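> Structure, please.
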Amino acid sequence: MLSAVVVAATVACNSGLLSPAFAESGDVGDMAVTVARTTNICFSDTLQVTGVVVPRNEILVRPDREGLQISQVLVEPGDTVVSGQVLARLTPPEGQQGGGTTVAIQAPAAGVVTSRSAVVGTLASARAEPLFRIAAKGEMELLAETPVKSLASVAANQTAKIAIVGAGELPGKVRIFSVAINPTTQLGQIRLLIGSDPKLRVGAFGRATIDVGRRCGPAIPLSAVLYGPGGAVVQVVRDNRIETRRVTVGLLSAGQAEIRDGLAEGEMVVARAGAFVREGDRVRSITAGEPSARQ
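Purely as a prediction, here's the structure:
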């Protein structure tokens, strides 16, 4: 039995799972294990969503009178306009009374023209497609959807990093989020304000990473966490003996795991190869980076 344990430990050492001191000492009752101290680390909780770019406030421009013909179009999509600027001119069709009268279609507010349906020679109607669509002040936002469970962690003014196709990564924040859920998809809408960057295009695809929270607490290397049928456990070294402890793992970041329950700051855990030791095993602790030979 003793030789079998030594062979198993040698294999573990050669594979890099256990400290070389185990093989050097040959003492199966006093194993050398690499340990790490539980430290307090702050983790950022994020939520990733995808969506498309839309105007924050869209202005639909329609004629006030029916039956007038479009005689002139003065702006194109992408143009920046000011309040009161003439976008198009309408006149009565040839042969109708008032043929010399011209009606100007003006921009109700400043912004960027995102689309136009006005075509010279056609009749303008308030019941048809808007002659022009204007993004007020040129401000855009990402219209995204997320599952109802994730929506519970979203709040107004949470910061976000938004990557837009063709525009790169831009800062943003949550402006509003839906209180209603689509009954078919079980998704809710989130609107993230981006701003008025001229590189933004309506309809462009985007992905946002929202900072939904920040927590600070006990953390250990992810390699120290073992998973089994009963959940996550870690091997705690206490008075030179192994104590198997059930833990609740939270957020993960840069190789560190947040421990929500089961460990306190300052406790020592087996950093690697925790599966090779059992409850009650006697061990000799070696901190990561410390010489492995006996002093």
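> what about the helices in this protein?
2-14, 20-25, 148-151 (DSSP state H).
> And the pLDDT at the closest residue to Q186 other than its chain neighbours?
Take Q186 and drop its neighbours on the chain: the residue closest to it by Cβ to Cβ, 6 or more residues apart in numbering is V148, 5.5 Å away. C-beta coordinates here come from the backbone N, C-alpha and C atoms, glycine included. We have a pLDDT of 89 for V148.
> Return the distance of V148 relative to V174.
With distances taken as Cβ to Cβ, to the nearest Å, V148 is found 16 Å from V174.
> More neighbours: these two, which one.
V174 (25 against 13; other Cβ atoms under 10 Å).
> so where is the protein shaky, pLDDT-wise?
Low-confidence segments of the chain (pLDDT under 70): 1-29, 95, 97-100, 288-295.
> Break it down into its domains, please.
2-38+225-287, 46-55+139-214, 58-136 (automatic domain parsing).
> list the contacts for the residue positioned nearest the centre of the chain?
By Cα atoms, centre = their mean, the mean C-alpha position of the chain lies nearest to T209, the distance being 2.2 Å. By Cβ atoms under 8 Å, 6 or more residues apart in numbering, T209 lies in contact with 46-48, 160-162.
> go with 7 Å
Contact partners of T209, counting by Cβ atoms under 7 Å, 6 or more residues apart in numbering, are 46, 48, 160-161.
> which non-adjacent residue is nearest V234?
V269 (4.8 Å).
> Check whether that neighbour really touches A36, as I assumed.
Yes. V269 is in contact with A36 according to Cβ atoms under 7 Å; the separation is 5.9 Å.
> Contacts made by stretch 73-90 with the rest, please.
Against stretch 73-90 from outside (Cβ under 7 Å, 6+ apart): 61, 63, 68-72, 102-116, 118, 120, 124, 131-132, 134, 138.
> Which parts of the stretch 101-250 of the chain are strands?
Under the criterion DSSP state E, counting those that start in this stretch, the stretch 101-250 of the chain contains strands at 103-106, 111-116, 123-124, 132-136, 140-147, 159-164, 168-177, 187-195, 205-221, 226-228, 231-238, 241-246, 248-253.
> Out of those, flag the one nearest T91.
strand 103-106 (7.3 Å; Cβ to Cβ).
> What residues sit buried inside the closest one?
Buried residues in strand 103-106, defined by neighbour count with 16 or more other Cβ atoms under 10 Å: 103, 105.
> Just checking: what are the partner strands of it?
Strand pairing for strand 103-106, determined by DSSP bridges: strand 86-91 (antiparallel).
> one step back: tell me, what's touching V269 and A36 both at once?
Joint contacts of V269 and A36 (Cβ under 7 Å, 6+ apart) are 220, 224.
> Name the residue in those two with the higher neighbour count.
V269 (26 against 22).
> Distance check, the residue nearest to Q186 against E141.
V148 is 21 Å from E141, by Cβ to Cβ.
> repeat for E76
According to Cβ to Cβ, E76 and E141 sit 23 Å apart.
> Same question for I242.
I242 sits 54 Å away from E141, going by Cβ to Cβ.
> Check A273 too.
50 Å.
> And the two? Which one has more around it.
Per other Cβ under 10 Å, whichever of A273 and E141 has more neighbours is E141, with 26 against 23.
> Pretty sure that one sits against G51.
No. Applying Cβ under 7 Å as the test, E141 and G51 come out as separate, 9.1 Å apart.
> Show the contacting residues for the residue lying closest to R246 once chain neighbours are set aside.
Leaving aside its chain neighbours, R246 sits nearest to V233 (5.3 Å; criterion: Cβ to Cβ, 6+ apart). Applying Cβ under 7 Å, 6+ apart, one finds that V233 lies in contact with 226, 244-247.
> Let's see that with 10 Å instead.
Taking Cβ atoms under 10 Å, 6 or more residues apart in numbering as the contact definition, V233 lies against 224-227, 244-247, 262, 274-275, 279.
> top of those by neighbour count?
A224 leads the contacts of V233 on contacts (other Cβ under 10 Å) with 25 neighbours.
> Contact partners for it?
Contacts of A224 by Cβ under 10 Å, 6+ apart are 34-36, 38, 233-236, 247, 256-257, 259, 263, 269-274.
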